[in-house]
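Asks: got a predicted model here, sequence first, then my questions.
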Amino acid sequence: MELTFWGVRGTCPIDRKDATRIGGNTPCASIETARGDWIVIDAGTGIYELGRRLAAAGPRPKRLSIFFTHFHLDHVQGLPFFEPLRDPGTEIVFYSPAEPRDLRAHLGRLMGAPFFPVAFEATASKKEFRRIDGRTIRVGGAAVSACPLNHPQGSVAYKIEEGGAAVVFATDTEPPAGGVDGWLAEFAREADVLVCDATFTPREYAAGRQGWGHGTWRDGAKLAAAARVRRLLLSHFSGWHTDRTVRAIERRARAVFAASDAAREGMRLSLPSA
Ligand SMILES: [Zn+2]
Ligand SMILES: [Zn+2]
């Protein structure tokens with residue numbers, strides 16, 4: 001499968017000269033499976049560019065699956081501007097931890113008057129709404145499962161597996177004080193790639209950010225070591241973090257878990273099937 005990052009910035013999109021390497025769009029990643037299925041994780045502002053590329057490339061995939069980790073603005077705010085939403089030939093299956101009718105209502109409110117001129121239900125794509133719970137869901141050749149995370153109003157991690165390769169997305173989570181989330185470590189065990197929250201530096205976290213539902217590069221590196229993953233990609237960076245800050249974060253994380261890097265907008269990874 002092919003993993004591409006379209007946005008790795010948490011909270012609010014930014015556009016600053018000192019933060020171009022990592023990029024300024026909020027969370028969105030896509031996975032194109034070996035069988036050609038399209039899986040999208042979150043619809044932050046990064047999804048705008050994904051939609052533009054899909055529309056420009058044509059023939060675009062006829063079926064997309066979008067998985068929401070939760071509904072905080074930074075994870076949904078790009079959806080109204082996602083080009084395939086307006087294409088009558090595209091079928092989009094939306095997944096989230098919420099009941100299907102609630103998921104549908106949340107997206108309707110996101111695009112409701114007076115915040116957006118076209119109602120979500122009036123957009124031309126065909127839509128389906130499904131809840132992801134404890135079961136594993138098949139999307140074409142891939143298997144997708146979820147694990148609850150510690151985050152205000154809840155969030156989930158997703159694991160996408162195909163042909164023996166596994167990617168885990170675990171942004172928007174805060175570990176227990178000084179420790180590792182045991183459920184998440186088990187969920188991510190021996191994954192090829194773990195994408196993990198690195199919103200704060202340890203110093204920022206210590207200065208009154210406990211309980212905000214986010215962690216640090218140190219938490220990510222400790223989790224990666226405990227889960228014995230192959231590679232850690234830190235993500236969901238604060239808008240305060242410049243490229244220089246993120247380089248320092250990478251260096252420090254590597255001292256705890258050697259195979260650590262920052263995820264970057266535009267980064268592509270091929271994960272070969274066994
Ligand atoms: Zn977030
Ligand atoms: Zn959140």
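Replies: Cool, the structure landed. Numbering: from 1, shown residues only. Ligands and ions are numbered 1, 2, ... in the order given.
Asks: use CA for all of it now, contacts and neighbours both
Replies: Fine.
Asks: and residue 4, helix, strand or coil?
Replies: Going by DSSP: H, G, I helix; E, B strand; the rest coil, the secondary structure assigned to residue 4 is strand.
Asks: what about it, distance to residue 50?
Replies: Residue 4 sits 9 Å away from residue 50, going by Cα to Cα, to the nearest Å.
Asks: repeat that for residue 200.
Replies: 27 Å.
Asks: could you do residue 192 as well?
Replies: With Cα to Cα as the criterion, residue 192 and residue 50 are 24 Å apart.
Asks: neighbour count for these two, which is higher?
Replies: Using other Cα atoms under 10 Å, the more surrounded residue of residue 192 and residue 50 is residue 50, with 24 against 18.
Asks: what pLDDT does that one get?
Replies: For residue 50, the model assigns a pLDDT of 97.
Asks: run a quick check on it versus residue 7, I expect a contact.
Replies: No. Counting by Cα atoms under 8 Å, residue 50 stays clear of residue 7, with 9.9 Å between them.
Asks: so residue 127 makes contact with residue 88?
Replies: No. Using Cα under 8 Å, residue 127 is not in contact with residue 88, being 10.1 Å away.
Asks: just the strands from the protein, written as ranges.
Replies: In the chain, the strands defined using DSSP state E lie at 2-7, 28-32, 38-41, 63-67, 91-96, 126-131, 137-139, 142-149, 155-162, 165-170, 193-197, 231-235, 260-262, 268-270.
Asks: can you list the strands that the fifth one pairs with?
Replies: I take that to be strand 91-96. Paired strands of strand 91-96, with direction, are strand 63-67 (parallel), strand 126-131 (parallel) (DSSP bridges).
Asks: and the shortest one with strand 142-149, angle?
Replies: Angle of strand 63-67 versus strand 142-149, following axes from the mean of the first three to the mean of the last three Cα atoms, to 10 degrees, is 20 degrees.
Asks: check which residues of strand 63-67 are buried.
Replies: If you call a residue buried by 16 or more other Cα atoms under 10 Å, then strand 63-67 has these buried ones: 63-67.
Asks: number of nearby residues for residue 229?
Replies: 22.
Asks: I misspoke; the intended subject was residue 173.
Replies: Using other Cα under 10 Å, residue 173 is surrounded by 29 other residues.
Asks: and what of residue 244?
Replies: For residue 244, the number of neighbouring residues by other Cα under 10 Å comes to 12.
Asks: and it, how close does it get to residue 224?
Replies: With Cα to Cα as the criterion, residue 244 and residue 224 are 23 Å apart.
Asks: try residue 38
Replies: As judged by Cα to Cα, residue 38 and residue 224 stand 26 Å apart.
Asks: which one's more surrounded, these two?
Replies: residue 224 (30 against 22).
Asks: got a list of what the more buried one touches?
Replies: 185, 194, 231-232, 257 (Cα atoms under 8 Å, 6 or more residues apart in numbering).
Asks: how far away is it from residue 269?
Replies: Note on residue 224: its distance to residue 269, by Cα to Cα, is 18 Å.
Asks: and if you look at residue 77?
Replies: From residue 77 across to residue 269, the span is 25 Å (Cα to Cα).
Asks: the two: who's more crowded?
Replies: Neighbour count, other Cα under 10 Å: between residue 77 and residue 269, residue 77 has more, with 24 against 13.
Asks: I'd assumed residue 42 was in contact with that one.
Replies: No. With contacts counted by Cα under 8 Å, residue 77 stays clear of residue 42, the gap being 9.5 Å.
Asks: any regions of this structure where pLDDT drops low?
Replies: For the chain, residues meeting the criterion pLDDT under 70 lie at 59.
Asks: any buried residues in stretch 82-90, and which?
Replies: Neighbour count says stretch 82-90 has 82-87, 90 buried, by 16+ other Cα under 10 Å.
Asks: whoops, I mixed them up, stretch 96-115
Replies: Residues of stretch 96-115 classed as buried: 96-98, 100, 103-104, 106-107, 110-112 (neighbour count, 16+ other Cα under 10 Å).
Asks: good, wrapping up.
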